[in-house]
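**Student:** what follows is a predicted structure for the sequence shown.
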Amino acid sequence: MRFRSIRIRLTAWYLAMLVLGLGVFGVGSWYAMRASVFHTIDEELEDRIRGVEKFMQIQIASLSPIEIRERVPGTLRARPRRRSVPGLQ
C-alpha cells in the first residue's frame, strides 16, 4: 500500500515524531522523578541514622562501665522460642 498524498505522509510523519517525542519526555520524566524520590529517601534515612547514633552516644556516655556490663548481658540472653501455629505462618 503506497501513500501518494503528501497530506497523509506528512500527517503520519508528524504523528510518529509526536509519539516519539512524548515517549522520550515521559521516560525522562519518570527517571528524573525516580532519582529525586530515591535521593529524598536516602537523605531521610541518613538523618535518622545520625539521630540514632547521637542517642546511643548520649546513652552510653551517661552509663558507667559497670552499668554497661550489667545491661549488655541482659539484652543478649536467649529468648524463648515462640511456638508456631499451623496454618498461620
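**Tutor:** The structure has been received and is ready for your questions. Residues are numbered from 1 along each chain as shown.
**Student:** longest helix anywhere in the chain?
**Tutor:** helix 6-62 (DSSP state H).
**Student:** show me what that helix is packed up against.
**Tutor:** Helices and strands touching helix 6-62, as assessed by 3 or more C-beta pairs under 8 Å, 6 or more residues apart in numbering; DSSP states H and E, are absent. Yep, even glycine has a C-beta here, placed from its N, CA and C like the rest.
**Student:** how far out from the middle of the chain is it?
**Tutor:** 11 Å (C-alpha atoms, centre = their mean, to the nearest Å).
**Student:** what about Val27, neighbour count?
**Tutor:** 10 (other C-beta atoms under 10 Å).
**Student:** kindly report the same for Leu22.
**Tutor:** 10.
**Student:** ditto for Arg34
**Tutor:** 10.
**Student:** so how far is Ser5 from Ile60?
**Tutor:** 82 Å (C-beta to C-beta, to the nearest Å).
**Student:** likewise for Ala16?
**Tutor:** 16 Å.
**Student:** and Arg34, by the same measure?
**Tutor:** 43 Å.
**Student:** equivalent analysis for Ile58, please.
**Tutor:** From Ile58 to Ser5 the distance is 79 Å (C-beta to C-beta).
**Student:** in this protein, where is pLDDT below threshold?
**Tutor:** Low-confidence segments of the chain (pLDDT under 70): 1-3, 72-89.
**Student:** from Val52, how far out is Gln59?
**Tutor:** On the measure of C-beta to C-beta, Gln59 and Val52 end up 10 Å apart.
**Student:** distance check, the most centrally placed residue in the chain against Leu45.
**Tutor:** With distances taken as C-alpha atoms, centre = their mean, Phe38 lies nearest the centre of the chain, 5.3 Å away. For Phe38, the distance to Leu45 (C-beta to C-beta) stands at 11 Å.
**Student:** before we move on, what about Phe55?
**Tutor:** From Phe55 to Leu45 the distance is 16 Å (C-beta to C-beta).
**Student:** now Met17
**Tutor:** Per C-beta to C-beta, Met17 is found 42 Å from Leu45.
**Student:** and if you look at Glu70?
**Tutor:** The gap separating Glu70 from Leu45 is 32 Å, by C-beta to C-beta.
**Student:** next: Leu20.
**Tutor:** Applying C-beta to C-beta to Leu20 and Leu45 gives a distance of 38 Å.
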